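Visitor: Got a predicted structure here, sequence first:
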Amino acid sequence: MSNEQYWIATKGSALQGTLNVPGDKSVSHRAVMFAALADGVSHIDGFLEGEDTRSTAAIFARLGVRIETPSPSQRIVHGVGVDGLQAPQGELDCGNAGTGMRLLAGLLAAQPFDSVLVGDASLSKRPMRRVTEPLALMGARIDTDANGVPPLRIHGGQPLHGIEFASPVASAQVKSAVLLAGLYADGVTSVQEAHPTRDYTERMLSAFGVEIAFEPGQARLRGGQRLRATDIAVPADFSSAAFFIVAASIVPGSDITLRAVGLNPRRTGLLAALRLMGADIAEHNHSEHGGEPVADLRVRYAPLRGAQIPEAVVPDMIDEFPALFAAAAAAHGQTVVTGAAELRVKESDRLAAMAAGLRSLGIVVDETADGATIHGGPLGSGVIESHGDHRIAMAFAIAGQLADGEVRINDVANVATSFPGFDTLARNAGFGLVAAG
């Protein structure tokens with residue numbers, strides 16, 4: 001993406017009001033994928049109209065699936081069945097979507113045709129052997145570049161067999177790729193995890209009629225099943241809500257309500273971490289959307305104190321660490337994070353990027369191989385390099401609300417991958433945030 005787009009963040013006002021953040025990115029990816037594989041027509045409401053999810057929808061259109069767009073947040077998917085995808089012409093571009101690429105690897109490995117998955121400069125640096133190696137154990141043939149990164153060259157027509165896979169990494173994407181390949185495999189496919197990860201795939205496959213046994217840390221299904229079309233209401237994305245949860249927690253006088261936020265128990269480690277730090281977060285109106293737990297969140301300002309973040313919650317908040325680092329900078333005392341080495345292989349090296357950015361604003365950060373100690377204190381002005389990482393950019397938009405002076409955040413175009421309209425919603429809530437470039 002272009003680095004010409006930037007933000008200027010300054011102190012705004014207390015955050016107020018009821019906010020609707022965009023639909024969940026992880027659920028939106030899966031809803032389109034599974035609806036495409038289903039027999040019949042599925043309606044998706046609350047779809048995230050972001051660049052990542054549009055990339056996934058565009059790929060399925062290239063694979064012969066008819067997808068209608070009655071409105072930006074709606075999709076009508078005319079499923080072709082598990083055996084109805086068509087060979088694409090040319091490469092399939094996943095853009096910045098790591099979720100899209102890894103899940104598609106499992107799905108396309110089982111097809112009778114060859115395919116090539118490519119991505120943008122950021123995605124082209126991300127590790128893919130964690131997906132290709134277990135798929136190879138099932139009989140798939142997928143080539144990567146020499147260092148295990150995209151593009152993925154998938155050789156179709158390989159008979160797959162079920163495996164019992166003990167995942168060495170805490171990754172819902174790896175688990176999902178294996179399970180999707182397992183739909184086409186001979187026999188039973190099971191995945192065991194050392195730490196339970198998000199179970200979006202399991203919940204949604206069940207909603208589409210697949211018989212799948214799952215509990216925290218393991219999932220099991222038999223190949224040869226078909227999917228039945230269903231309607232999906234996508235909840236608000238917790239990772240997007242996280243930036244407003246933190247902002248309201250650290251800006252004095254704030255009191256906001258976030259509507260219908262997805263609260264998958266393997267996703268909400270940030271709530272546990274912030275409550276440990278003294279945050280005032282209440283849940284109301286619990287319900288369920290498409291198998292996913294949902295609630296309204298009321299967040300009010302409360303003075304935060306530093307804390308040791310338990311390693312047990314780290315996998316449940318891996319995408320929310322940039323927001324947590326902003327909270328830690330505003331807290332009284334030290335916040336210690338360990339067991340988070342996975343942050344180094346996200347859209348950027350998020351540990352290094354957050355540490356460097358906070359230091360440029362005057363915060364002391366002691367960086368380690370798998371975490372950091374953040375010493376809370378006053379924030380000054382400065383220039384932040386987001387490295388094209390949407391979550392880094394939004395995290396420093398939060399930090400800028402407490403800064404003594406202007407915070408310039410460079411290279412913010414990629415925010416559109418997960419949260420189109422973030423700057424407008426933030427300004428309406430009370431942020432001091434100007435888009436330029």
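Guide: Ah, there it is.
Visitor: number of nearby residues for the closest residue to Ser360 other than its chain neighbours?
Guide: Closest residue to Ser360 apart from its sequence neighbours, by Cβ to Cβ, 6 or more residues apart in numbering: Gly382 at 4.1 Å. Every residue, glycine included, has its C-beta placed from N, CA and C. Neighbour count of Gly382, defined by other Cβ atoms under 10 Å: 20.
Visitor: ok, Gly382 - contacts?
Guide: 357, 360-362, 403, 407-408 (Cβ atoms under 8 Å, 6 or more residues apart in numbering).
Visitor: Let's have those residues in CSV, adding distance to Asn96, secondary structure and pLDDT.
Guide: Putting those into CSV (distance: Cβ to Cβ, whole Å; DSSP: H, G, I helix; E, B strand; the rest coil; pLDDT from 0 to 100) gives the following:
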residue, distance to Asn96, secondary structure, pLDDT
Gly357, 20, helix, 98
Ser360, 25, helix, 98
Leu361, 26, coil, 98
Gly362, 31, coil, 98
Ala403, 28, strand, 98
Val407, 24, strand, 98
Arg408, 23, strand, 98
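Visitor: ok, back up a step: the residue nearest to Ser360 in helix, strand or coil?
Guide: strand (DSSP: H, G, I helix; E, B strand; the rest coil).
Visitor: Quick check: beta-bridge partners of it?
Guide: In this entry, Gly382 is beta-bridged to Val407, by DSSP bridges.
Visitor: tell me the average confidence for the helix or strand harbouring Arg130?
Guide: Following DSSP states H and E, one finds Arg130 within helix 129-137. Regarding helix 129-137, the rounded mean pLDDT is 97.
Visitor: Just the buried positions in that helix, please.
Guide: Residues 130-132, 134-135 are the ones in helix 129-137 that count as buried (16 or more other Cβ atoms under 10 Å).
Visitor: Sort out which one of those residues lies nearest Gln86 for me.
Guide: When these are ranked by distance to Gln86 (Cβ to Cβ), Leu135 comes first, at 21.4 Å.
Visitor: State whether Val313 is indeed within a helix.
Guide: Yes. Counting by three-state DSSP, Val313 is found in a helix.
Visitor: Could I get the phi/psi values of the nearest residue to it once chain neighbours are set aside?
Guide: With sequence-adjacent residues excluded and distances taken as Cβ to Cβ, 6+ apart, Val313 is closest to Gly269, at 3.7 Å. Main-chain dihedrals, Gly269, degrees, to the nearest 10: phi -60, psi -30.
Visitor: which residues in the stretch 51-200 of the chain form helices?
Guide: 51-62, 98-108, 129-137, 172-182, 200-207 (DSSP state H, counting those that start in this stretch).
Visitor: next one: the stretch 301-437 of the chain
Guide: Under DSSP H, counting those that start in this stretch, the stretch 301-437 of the chain gives helices at 321-330, 350-360, 390-399, 422-429.
Visitor: Please point out which parts of the last one sit buried.
Guide: Taking 16+ other Cβ under 10 Å as the neighbour-count basis, helix 422-429 is seen to contain the buried residues 422-423, 425-426, 429.
Visitor: which sections of the stretch 1-150 of the chain are below the confidence cut-off?
Guide: 1-3 (pLDDT under 70).
Visitor: Narrow the contacts of Gly382 to just the buried residues.
Guide: 357, 360-361, 403, 407-408.
Visitor: Switch the helices of the stretch 301-437 of the chain over to CSV; also include distance to Asn264.
Guide: Below are the helices of the stretch 301-437 of the chain laid out as CSV (distance: least, Cβ to Cβ, whole Å):
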stretch, distance to Asn264
helix 321-330, 17
helix 350-360, 21
helix 390-399, 18
helix 422-429, 21
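Visitor: before we move on, the earlier item: touching, the residue nearest to Val313 and Met317? I think so.
Guide: Yes. With contact defined as Cβ atoms under 8 Å, Gly269 counts as touching Met317 (3.2 Å).
Visitor: Please parse this structure into its domains.
Guide: Domain assignment for the chain by automatic domain parsing gives 6-23+235-436, 25-233.
Visitor: ends of the shortest one, how far apart?
Guide: Terminal residues of domain 25-233 lie 13 Å apart, using Cα to Cα, to the nearest Å.
Visitor: could you list every residue that touches Leu123?
Guide: Contacts of Leu123 were listed using Cβ under 8 Å, 6+ apart, and they are 94-98, 101, 150, 347.
Visitor: Give me the neighbour count for the residue nearest to Pro196 when sequence neighbours are not counted.
Guide: Closest residue in space to Pro196, ignoring its immediate chain neighbours: Pro216 at 3.7 Å, by Cβ to Cβ, 6+ apart. Residues within reach of Pro216, counting by other Cβ under 10 Å, total 12.
Visitor: How about Ala166?
Guide: 12.
Visitor: who does it bridge with?
Guide: Bridge pairing for Ala166 - DSSP bridges - gives Gln192.
Visitor: That one touches Gln192, doesn't it?
Guide: Yes. When contacts are counted by Cβ under 8 Å, Ala166 is listed as touching Gln192 (4.9 Å).
Visitor: and the gap between the residue nearest to Pro196 and Thr338?
Guide: Pro216 is 22 Å from Thr338, where distance means Cβ to Cβ, to the nearest Å.
Visitor: who touches Phe165 in this structure?
Guide: 134, 137, 178, 189-192.
Visitor: These, buried ones only, as a PyMOL selection?
Guide: To isolate in PyMOL the members of the contacts of Phe165 that are buried, counting by 16+ other Cβ under 10 Å, one can use:
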select buried, resi 134+178+189+190+191
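Visitor: Closest one of the contacts of Phe165 to Ala353?
Guide: Pro134 (29.3 Å).
Visitor: ok, the closest one - contacts?
Guide: The neighbours of Pro134, taking Cβ under 8 Å, 6+ apart as the test, are 163, 165, 167, 174, 177-178.
Visitor: my read: Gln252 touches Gly12, true?
Guide: You called it Gln, but residue 252 is Pro. No. Using Cβ under 8 Å, Pro252 makes no contact with Gly12, being 11.5 Å away.
Visitor: Looking at the two, which is more packed in?
Guide: Neighbours per residue (other Cβ under 10 Å) separate Pro252 from Gly12, with Gly12 holding more: 17 against 9.
Visitor: so is the more buried one in a helix, a strand, or just coil?
Guide: Looking at Gly12 with three-state DSSP, the answer is coil.
Visitor: ok, now which ones touch it?
Guide: Residues near Gly12 by Cβ under 8 Å, 6+ apart: 251, 401, 427, 430-433.
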